[in-house]
Structures are given as C-alpha cells and as structure tokens.
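Next come a sequence and a model predicted from it.
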Amino acid sequence: MFDLFVLPFCIGVLALLVISVVKYWLWISKFDGRQRVVVLRNMLSWKFLPAVWEAVRESLLHWRITKHNVILGYMHRSLAFGWFLLIVVGAVQAILACPDGHPFYVAIFFNYFEPRSPKVVPFAQAPLYAALMDALLLYVLSGLFLAMFKKIWSKPLGMKKTTKHNLTDRVTKAALWSIFPLRLLAEGATSANYHNGGFLVSAVGDLFTAMGFENPVFEYQLWLFYSLALGIFFSLMPFSRYMHIFTEVFLIYFRNLGVTEGHKKTGYSMFEMSACSRCGICIDNCPINRELDISNIQGVYLLQTVRNKDLWHRAEAIANNCMVCGRCSEECPVGVDLATIRRQVRTESNRSVDNPHGYGYLAKVHPFNAIGRVAYFGGCMSRLTPGITEAMEKIFQAAGQPYWYVDKEQSICCGRPLLQQGFIRQADSLRRKNQEMFAQSGATLLVTSCPICYQSFVKEYNLNIPVMHHTEYIKSLIADGRIKVSKGAQSVTYHDPCELGRGCGIYEPPRTVLKSVATLLPIKEEAGKSLCCGFNLGNTTLGVEQQALIRNAALDNLLAPSPDVVATACPMCKKAFARADRAPVMDVAELVAKQLV
Amino acid sequence: MNKFGFNIATTRSINLDSANLSKSAALQELVPSYRYCIGCGACSATCSAASMTDFNIRQVHFKFSRGQYDGLVDELNKCMLCGKCVLVCPRGVNTRALIINMRKLLEE
C-alpha cells in the first residue's frame, strides 16, 4: 500500500512534527523559575481535568467565539471540530478495513487505496462509514464556504474589520482552503473509476462520469494535488498563524496549572503569542480603532510583530499606542494576556532608562501613625479632583470612623503608571516605600479612591491589611448601617473605569451604592464592554484631540438615556469627562456624601 | 536654599546658533506636542515629585529645548510618571511621553 503521491503529505507531517517538538521544547526550557515551579508542582494535580475540558470547549468547539457570533463560531467549529472528526473517524475506518495493519497515511488516502489494495477488506459497517466521512467532509466544506464568504463580506459573521495577514499566513491559508475541495474532487474521481465512497463522493463521481472524466491519470493528479496541499500546509504551519491549533492546547494546559506572565518575556509568552489565531476580534473591540480608525496597533499586530526581531521598532510603536483599557482581552477567544505582553515590550524598550536612583528624596517622607484607624489613600489623581477626597472625608466622619489621609500633604505614587510604561525597577522602589509605610502605620484597612492605585495594591503589593476601593467601602458602610443615605431624585448612568471593572472585576459595589442614592439608568455598553474615557495613562502616543474623540464616544454612550448626572468611580475618568463639559460628572463618593442623612 | 521655590537666577546667556539642538529636534519628531508648550508651569505646580524635591519639569523642558542637557538625567529620574501634569496642561502637551523620550534621548 504505497504510491509516490503520498510523499508530500508524509514529508509535511514529519516536518510539522519535528519543528513543533523542537519549538515547544525550546519554549518550555525558557520558562522562568517561578513558572517552572508552578508547572512542576501542579503538573499531575487535578488541575489537569479543567484543562482538558477547556481544551475541548475552546480548541474544538470554539465556545467563546460562538458567544461572540453564532455564525463565526459555526465557521471555526466546522473547520476545527469537523476536521478533527474527519481524522478520527478516518483512522477508525482504516483500522476496521485493514485487519493486518496499515501505514499511517492510508487513513488519509483511504478512498484511493480501498479499491486497489488487496489488504483493504470490506467490513460490515463500511457503507455507514463512507456516508459518515462524506457528512463530515460536507460539514468542513460548509465552514470553508463561510470562511470564503467572510473574506468578501465579514459583517454577517460579526466582524467589521478583519486582520491583514502577512505572506506566509496567506500562502498557508491558500493551502488549507484547497485541502478539502481537493479531497472531495480526488475521492470523486476515484469514485468515477471504482464506484466507491458515500453519498457526496459518489455524486461527484457520477458527475465526473457524466462529463467523461473516467480517467486514471486525472484521478492520480487530483490525489497528488491533495497530498501536495496537505504537505505545504503542514510544513508551513509552524511558521504561520496556524501554529495556534496545537499551541492553544498547551496554553490552556499551562494556564490551568496556574502559570502567569511575568515582567519579562519567557517561553510562556511564546506560547501565548503563538496561540493567537490572528482572528482579529480584538480590532473591532479597540476604542482606538472605533473612534480614530487606527487599526494596525491592536493585539493581533502586537503579537505578530513582537515575534519578529526585524520588526522590533514597529513592535515598540505598537506597544506604546494603547490605552491598556483591556477591552480586547475581554473578547479574545484565546484569552491571551495582551496587556502584560504589551508591558513586556515596553519594559524591553525602556530597560536602559529604568533607573530607580532618582528617588532618594522618598527617604525624607516619614512613616505615619494610624494605629487602629483606616488609612485613606486618595491617589495622585484625586488631588486634581478634590471633590472626591472631601466627600470621602465627610463619609468617614459621618460613619464615625477614625481615619488617616495618607497622601494629604505629600503623595507618593503607587507605581502603577511607571509599571504600565515598563519601568519595573522604578515602580518597585515606589512600591517598597509605600508598602513599608503602610506596614509601619498600624492601620487596619487601606481604602483608596483611585482604581489605578487599587489595582496596584491588590496585584503588585504584598500588604498585611485588607485593601478596598472606596465604592466597596461605602457599600459595606451602608450595609452595616454605619451611614444612612436617602435616595435622591436624580437619575445617573455609571461609567465603569477600566482599571476597576475589567482590571479588578469590581462591577457590582458601585452599582449597589448608586442604586441607594439615585436612580441608576442602564446604558448600551457597560461592565465588561464599557468604553475607555480616553485619558488613561496607558497611552503615550495619542494627542489630546484624539483622546477627546475617544472620550466623546464614551460620553455619547453614557448620555444616551439623558441622565441628570454621569457617575464614575475614578478621579481620572471624572477629570476626563468633566473637561468635556457636556453633563455634570460626579464620583460615587460625592453622590453619597450629598445624600447623607 | 529655596525660599517658597523662588530665588534670583544667575545671569547667563545661551547662544542658540552654537547650542547643540539635535536632541531637541529628535524629541520634536517623537512627541509632536513638544512645541505647544507656553511655559505656564502648571505641570510643575501640580507635580507630586515637586512637593518633595526641587524637581521642576518646566525648567527641564526649557533647558532641553535650548540644548542645555547637563544634569537633566538626574532631574528626570525624580519623576514618578503619575501623569497629573498631562491632565493639567492647558496646551495638551503629552508631558509623560516627553519625559520618557527625553530620558531615552539623553541616554544616547
């Protein structure tokens, strides 16, 4: 059971196997110490089970994409799950038909060898299997049809803009797209000569017969082309976006074990980057694309350029032109940690100037004594919105809660703005200073008004006291009856700050508080889909005019139900909206302070 | 010693024809809003680092644009990049981008 035409396929599979094994081995060997410990500790634990389930759900069934758009989900599912079933059912078919064993490629070219080789014997369910294989091929072809349709008109599949692919990706895609039609034609040509195959293949065979193509040379050429398409696809796969097919499974496994990205690029980052299928869902979700029509800086292009050393300058520019609002990751079907990979590029780019020696002056900031009190950290930005800090002081007093306003006189930044730009060592020296002061203060709780500081305290700091954003704190004060509020007549819409909502998952406390002091109106894009206020510190490229356009879009969304007040929970968002002067903007704390009874 | 942040400046002259303005020109390319600055000093007034040191971003900007690069690296290292200066700037100068890029240019 051998014919020369199977060689391209065999070489392709061998190339794919060797290159993938080498690549994966290299990446795993480049995990950093922390990541290795996590893998070794959890490798054989029960965490394996959720990983298997997630791999089936995402890599085969494409559940997250289906949630994004049903037709798009069907398209990906039919290609991935359909092809997977085609391989599995094909392999079973070959095993049943060849009781004496067979070379692995026979399963792929079964219809060619079936009538020709004496080793292939008819088995009881053979017609059933032929029909099943045809049904699966039809399933895959329906997905392929949708993929081609999407190329012409992507909107019905839930995508306004699609990714611009590079040459390798386009060639590989051409090979992939030709595999399934060629398979149908080749099996059809065999059917014309030998009358095998199921309902679909024999129909194509009958068509060939009617057209007079009962020709062994024609048939052989089609099988050769089919094998070539497979060979080209498999050998280009490790160098193209289709590497995501296998890499995503590895990524899901490592992620379920608890591996996370660090400040520096490691082998795990390579898994994340290669698991990106370059589907381009991140493009439509990006406010910079939506409002400024800049569609070459989104996650998909970041991951594409950052892997290529020649494109490093491009990667730096892309990494800096992002507000890190996290709207892309929210929808990413693979769940790539885009914000951290962006930060890794920034870290690499700013490494030479990341110098913490300028902060000698911090030694002069003395620790404070707040034993038994709540430490209130306004944050740098709150100094520009004194209404928020005044409201918080009023609330503390109303609750009879002794507090210490940490940064009333001298404010040390929490370090997150530095961290976001990749100044790791500088951010760390600010973190250590603050951490030391909080530890020595004897405070029982840390409350902050700034979501940036909040995220920093929760994720970067190692504090021995609990941390709360002021919306959480006010919620607990109201729930415990320590402050009493009256429900005002005004209606409000709530803007989810990126750092608080998508960053820390705090969606509910501000809403609960708002409902007790005002009428909260629903808006179109909120919670996980909320729009960035545009003035996020994450971006160092956009000009003020551009930021204002992004802000206006967020305001349009907030003002659509004509609220009396736009509420938010972030001093920076408040400042950004207040500058537009289109509606009164108030922080949740200010609204509560106004309604205190 | 600074008294209320003010003291009498020593007399000096800058010859812009002989000054090395190469870095300033490069910065202009990198951060277009660089030239919008009118030197109002709002950035320095709001600066967190300025409340604890004599760091003065307006002065750094002034010196940089006139090619007087000496000592600026140490000054810029005091910045905590908190970004208040960006929000208060009446001219929309991207001061954070300026600081990061100045540091990179001075390092070259």
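In hand now; what should we look at? Numbers count the residues shown, from 1 in each chain, chains lettered A, B, ... in the order given.

can we go C-alpha only for contacts and neighbour counts from here?
Noted.

got the CA positions of the helix of greatest length in chain B in PDB?
Longest helix in chain B, counting residues (DSSP state H): helix B:95-107. Listed next in PDB are the C-alpha coordinates belonging to helix B:95-107 (Å, rounded to 0.1, in the frame of the first residue of the first chain):
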ATOM      1  CA  THR B  95       4.400  65.600  29.200                       C
ATOM      2  CA  ARG B  96       4.700  61.900  30.200                       C
ATOM      3  CA  ALA B  97       5.800  61.000  26.700                       C
ATOM      4  CA  LEU B  98       8.200  64.000  26.800                       C
ATOM      5  CA  ILE B  99       9.800  62.800  30.000                       C
ATOM      6  CA  ILE B 100      10.200  59.200  28.800                       C
ATOM      7  CA  ASN B 101      11.600  60.200  25.400                       C
ATOM      8  CA  MET B 102      13.900  62.900  26.900                       C
ATOM      9  CA  ARG B 103      15.400  60.200  29.200                       C
ATOM     10  CA  LYS B 104      16.000  57.900  26.200                       C
ATOM     11  CA  LEU B 105      17.500  60.700  24.100                       C
ATOM     12  CA  LEU B 106      19.800  61.900  26.900                       C
ATOM     13  CA  GLU B 107      21.000  58.300  27.400                       C
END
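
Please list all residues in contact with whichever residue of the stretch 351-500 of chain A sits closest to chain B.
For the stretch 351-500 of chain A, the residue closest to chain B is A:G358, as judged by Cα to the nearest Cα, at 4.5 Å. By Cα atoms under 8 Å, 6 or more residues apart in numbering or on different chains, the residues touching A:G358 are B:D74, B:E75, B:L76, B:N77, B:K78, B:C79.

B:P90 versus A:V544, what's the distance?
10 Å (Cα to Cα, to the nearest Å).

ok so, going back, next, the buried residues of the longest helix of chain B.
Judged by neighbour count using 16 or more other Cα atoms under 10 Å in any protein chain shown, the buried positions of helix B:95-107 are B:T95, B:R96, B:A97, B:L98, B:I99, B:I100, B:N101, B:M102, B:R103, B:K104, B:L105.

Tell me how far it lies from the chain's centre.
Its chain's C-alpha centre and that of helix B:95-107 lie 9 Å apart, by Cα atoms, centre = their mean, to the nearest Å.

Could you pull up the residues touching the closest residue to chain B within the stretch 201-350 of chain A?
As assessed by Cα to the nearest Cα, chain B sits closest to A:N350 within the stretch 201-350 of chain A, at 7.7 Å. Contacts for A:N350 (Cα under 8 Å, 6+ apart) come out as A:Q421, A:G422, A:F423, B:K104.

what do you get for A:Q410?
Listed by Cα under 8 Å, 6+ apart, the contact set of A:Q410 reads A:V365, B:S48, B:S51, B:M52.

do that again at 10 Å, thanks
A:L362, A:V365, A:H366, A:C380, B:S48, B:A49, B:A50, B:S51, B:M52 (Cα atoms under 10 Å, 6 or more residues apart in numbering or on different chains).

what would those look like in CSV with pLDDT and neighbour count?
CSV is the format used below for those (pLDDT from 0 to 100; neighbours: other Cα atoms under 10 Å in any protein chain shown):
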residue, pLDDT, neighbour count
A:L362, 92, 18
A:V365, 87, 13
A:H366, 85, 9
A:C380, 93, 27
B:S48, 93, 26
B:A49, 93, 24
B:A50, 92, 18
B:S51, 89, 16
B:M52, 91, 17
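
ok, of those residues, which one's closest to A:L4?
Distance to A:L4, by Cα to Cα, is smallest for A:C380 among the contacts of A:Q410, at 71.6 Å.

Now do that closest one against A:Y473, distance only.
20 Å.

next one: A:K23
Look at A:K23 and A:Y473: by Cα to Cα, they are 49 Å apart.

For these two, work out which one has more neighbours and name it.
A:Y473 (20 against 16; other Cα atoms under 10 Å in any protein chain shown).

Is it correct that that one is in contact with A:R482?
No - the pair A:Y473 / A:R482 is not scored as a contact, 11.0 Å apart, by Cα atoms under 10 Å.

contacting residues for A:L157?
A:H68, A:N69, A:V70, A:I71, A:L72, A:G73, A:Y74, A:M75, A:L146, A:A147, A:F149, A:K150.

and if you look at A:L7?
A:V13, A:Y105, A:L224, A:S227, A:L228, A:G231.

farthest-separated two in these?
A:V13 and A:L224, at 15.4 Å, using Cα to Cα across the contacts of A:L7.

just checking, next helix/strand downstream of the helix or strand containing A:T305?
Here A:T305 sits within helix A:299-306, counting by DSSP states H and E. Downstream of helix A:299-306, the next assigned helix or strand under DSSP H and E is helix A:312-320.
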